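In: Turn this into a structure:
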Amino acid sequence: ASDHRIGAMVAPGEILGWVGGEPVVAGIGGVLRGLIRPGTSVPAGLKIGDIDPRGDVGTCATISDKARAISGSVLEAVLRVFNR
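Out: Residues are numbered from 1 along each chain as shown. Below is the predicted model:
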């Protein structure tokens, strides 16, 4: 569980929430872009959030460069399969 909201500025070492009684600590500072939903079962070591070190709150309402590149690649693969 976390009290933080998407778009919040966080500092390195700040506690973002708790999983199984253990604190989840920000590894870097920046804008909080995402958090896994409370109550979701996760294995140890799973990435459960995303912090953008650029500090631009406006990026929270956009698709990341990485997500755009991956989705474009998936679309290209699907089109190749179905256009045979």
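In: before we move on, what SS does the residue nearest the centre of the chain have?
Out: The chain has residue 50 as the residue nearest its centroid, 3.0 Å off, counting by CA atoms, centre = their mean. Assigned with DSSP: H, G, I helix; E, B strand; the rest coil, residue 50 falls in the strand class.
In: Then residue 79?
Out: helix.
In: and it, how many neighbours?
Out: As a burial measure, residue 79 scores 9 neighbours (other CB atoms under 10 Å). In short, each C-beta sits where N, CA and C put it, glycine included.
In: can you check the one 5 residues further on too?
Out: Each residue near residue 84 was counted by other CB under 10 Å, and the total is 4.
In: Tell me how far it lies from residue 69.
Out: For residue 84, the distance to residue 69 (CB to CB, to the nearest Å) stands at 24 Å.
In: now the strands: where do they sit in the chain?
Out: Using DSSP state E, the strands of the chain run over 9-10, 15-19, 22-25, 30-35, 49-52.
In: Mean pLDDT added to those strands, as a markdown table?
Out: Below are those laid out as a markdown table (pLDDT from 0 to 100):
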| stretch | mean pLDDT |
| --- | --- |
| strand 9-10 | 95 |
| strand 15-19 | 88 |
| strand 22-25 | 88 |
| strand 30-35 | 91 |
| strand 49-52 | 90 |
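In: I am finished for the moment; much appreciated.
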